[in-house]
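Chemist: Need the 3D shape of this:
(one chain, ligands or ions: 1)
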Amino acid sequence: MGLKTLWYVIHESLAASRGNQALLAAARAVPGATIVDLYAEYPDFNIDVEREQQRLRDHDLVVFQHPFYWYSTPALLKQWQDKVLTYGFAYPPREGSALHGKAWLSVVTTGGPEWSYRAGGYNNFSMSELMRPLQQTCYLCGMRWLSPFVVHGVLGGDYGPIKATTNEELAGLATKLGQYVAGLDLADAHALEAVTTVHELKARWD
Ligand SMILES: Cc1cc2nc3c(=O)[nH]c(=O)nc-3n(C[C@H](O)[C@H](O)[C@H](O)COP(=O)(O)O)c2cc1C
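Modeler: Next up, the predicted model:
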């Protein structure tokens, strides 16, 4: 019996998206996953907090799939965090343990190539450094942080030395991601927490 998976996709124009549209195939490959297109549900940013909190209670694994926007999330995911992860629900010291023991998986696409996300690269910092606010949000909620699945170079085309990730590569990564999530066993997930990029994950799978 797999994990009960809640899969949020957060993209303001999903229909026009290349990367996130392709990766959504992974969500569809996870048996029984609840898939939520957050911008379609809340185009006015008026989030139904009770409904979202109940969704979280009802699942074991929460996937947040989105493009990287200004080294962070699209605005609606920030709004979701601010409204849904409330004191007394998501974090103690009052009750606040509704999310305890659940797992968090970020699935992120970036325009920048992998080599830009390091010291000396034009993005200067690694993805694990830049994603720390999300990681610590996860920890404060008592959740388990799974190694993010990051797909770099999701561009409209090659840009000088920056090679765009192709549709074929995206489809292949979506297949691997779907298999990974469908087979995820939190009992040995600690082994995955040390993995930092999808390229390293891919090397393990291949
Ligand atoms: C408002 C905005 C901010 C962005 N910020 C970043 C960024 O900080 N780093 C980066 O590598 N790409 C950035 N990008 C590029 C997107 O991450 C990229 O277009 C997206 O991941 C492609 O996925 P999609 O095909 O699903 O839209 C940004 C794009 C937009 C529109």
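Chemist: C-terminal to the helix or strand where Lys78 lies, what's the next element?
Modeler: Secondary-structure assignment from DSSP states H and E places Lys78 in helix 75-84. Next helix or strand after helix 75-84 toward the C-terminus (DSSP H and E): strand 103-109.
Chemist: quick one: strands adjacent to that following strand?
Modeler: Within its sheet, strand 103-109 is paired with strand 61-67 (parallel), strand 144-145 (parallel), strand 149-151 (parallel), according to DSSP bridges.
Chemist: Give the next helix or strand downstream of it.
Modeler: Following strand 103-109 in sequence, per DSSP H and E, is helix 127-130.
Chemist: what about this protein, any weak spots by pLDDT?
Modeler: 1, 92-95, 188-206 (pLDDT under 70).
Chemist: ok, so what distance separates the residue sitting nearest the centre point of it from Ala187?
Modeler: With distances taken as C-alpha atoms, centre = their mean, Ser106 lies nearest the centre of the chain, 2.1 Å away. The gap separating Ser106 from Ala187 is 21 Å, by C-beta to C-beta, to the nearest Å. C-beta coordinates here come from the backbone N, C-alpha and C atoms, glycine included.
Chemist: Without its sequence neighbours, what residue ends up closest to the residue nearest to the centre of the chain?
Modeler: Spatial nearest neighbour of Ser106, excluding adjacent residues (C-beta to C-beta, 6 or more residues apart in numbering): Pro148 at 4.3 Å.
Chemist: just Thr34 next, same as before
Modeler: Leu6 (5.0 Å).
Chemist: same deal with Pro113?
Modeler: Using C-beta to C-beta, 6+ apart, the nearest residue to Pro113 is Gly153, at 4.6 Å.
Chemist: Thought Gly112 was touching that neighbour, still the case?
Modeler: Yes. The pair Gly153 / Gly112 is scored as a contact, 7.4 Å apart, by C-beta atoms under 8 Å.
Chemist: List the residues that contact Leu155.
Modeler: Contacts for Leu155 (C-beta atoms under 8 Å, 6 or more residues apart in numbering) come out as 111, 162, 164-165.
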